[in-house]
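**Q** With the sequence up front, the predicted model follows.
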Amino acid sequence: MNRKQRAFDALWRIVLAAMAWLAFAVVATAETRVFAAASLKTALDEVTAAYTDRSGEAISLTYAGSSVLARQIALGAPADIFLSANTLWMDHVDDAGRVAQRVDLLSNRLVLISTPDAAPVSLTPGTSLIEALAQDRLAMALVQAVPAGIYGQQALETLGLWDQLSPRVAQTDNVRAALRLVATGAASYGIVYHTDARADPSVKVMADIPPDSHDPILYPAALLGDATPEASAFWTWLTGPEAQTNFLDHGFLPAPAP
């Protein structure tokens, strides 16, 4: 092979590599990008898998605390759909001008969970939970930022327990991280959503937290501006009856009627 032929072959390999990269970039860009509250993971993974099986469309899922995701989207992070675990962080995205359509998708409830061998406790003033935490921790999502933590603090304040329990609270970046602390035994008790407790058989529900002790738990969903036709199609599925049935099967509740 002469020098000219070798140069041509080298150039052709570069062209092929560039074409492959471009094809990958186009495919990756075409994926519908969904940012979702961590508590939705188990159910939303199943919802998107069912959609992909039916449509062949790829869905990119990013899970984190609603506060983290909302801040990223408001600052211009590329996303097509946002699912928050409270209205305040969805309002933050809405105020940034990124919301095209918005609905209240789901609701949930809070529970006190524990390791299987934890001592039984209750959630009443003077509860034995305070004594149980003398040498232990109560796992909660960040109480100043993450919806599950915000709701949890509200509930403990309403029940007259926050001042005594707050020094023993281990705060985490999102509610699934709080769940993991209890599931691994790093904390004996935690406050999470009912759906989180259902998703991990290594924890048990110790007590239901009264729903009137905190703000209503709502999961607003938004189709963001400049959404692709593929994203709009998934939005229709996500807010439709089949996806709703799947979410309810995982323990979520319907959002109250407007």
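**A** Looks like it came in fine.
**Q** where does the nearest residue to V121 once chain neighbours are set aside land in three-state SS?
**A** On the basis of Cβ to Cβ, 6 or more residues apart in numbering, the spatially nearest residue to V121 that is not a chain neighbour turns out to be L129, at 4.1 Å. Every residue, glycine included, has its C-beta placed from N, CA and C. Here L129 is recorded as helix under DSSP: H, G, I helix; E, B strand; the rest coil.
**Q** Count residues in the vicinity of L129, would you?
**A** The tally of other residues near L129 (other Cβ atoms under 10 Å) stands at 27.
**Q** Tell me who's in contact with it.
**A** With contacts defined as Cβ atoms under 8 Å, 6 or more residues apart in numbering, L129 is in contact with 112, 121-123, 138, 161, 165, 189.
**Q** Compute the distance between Q101 and E57, please.
**A** 19 Å (Cβ to Cβ, to the nearest Å).
**Q** Also A148?
**A** Taking Cβ to Cβ, one finds A148 at 30 Å from E57.
**Q** and stretch 97-104, how far out from the chain's middle?
**A** On the basis of Cα atoms, centre = their mean, to the nearest Å, stretch 97-104 sits 17 Å off its chain's mean C-alpha point.
**Q** Please save the CA atoms from the longest strand along the chain in PDB.
**A** Scanning the chain for the strand with the most residues, using DSSP state E, yields strand 99-107. Provided in PDB are the C-alpha atoms of strand 99-107 (Å, rounded to 0.1, in the frame of the first residue of the first chain):
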ATOM      1  CA  VAL A  99     -42.800  25.400  32.300                       C
ATOM      2  CA  ALA A 100     -45.000  24.900  29.300                       C
ATOM      3  CA  GLN A 101     -47.700  22.600  30.900                       C
ATOM      4  CA  ARG A 102     -48.200  21.600  34.500                       C
ATOM      5  CA  VAL A 103     -50.500  19.200  36.300                       C
ATOM      6  CA  ASP A 104     -50.700  17.700  39.800                       C
ATOM      7  CA  LEU A 105     -49.900  14.100  39.100                       C
ATOM      8  CA  LEU A 106     -49.900  12.200  42.400                       C
ATOM      9  CA  SER A 107     -50.100  12.300  46.200                       C
END
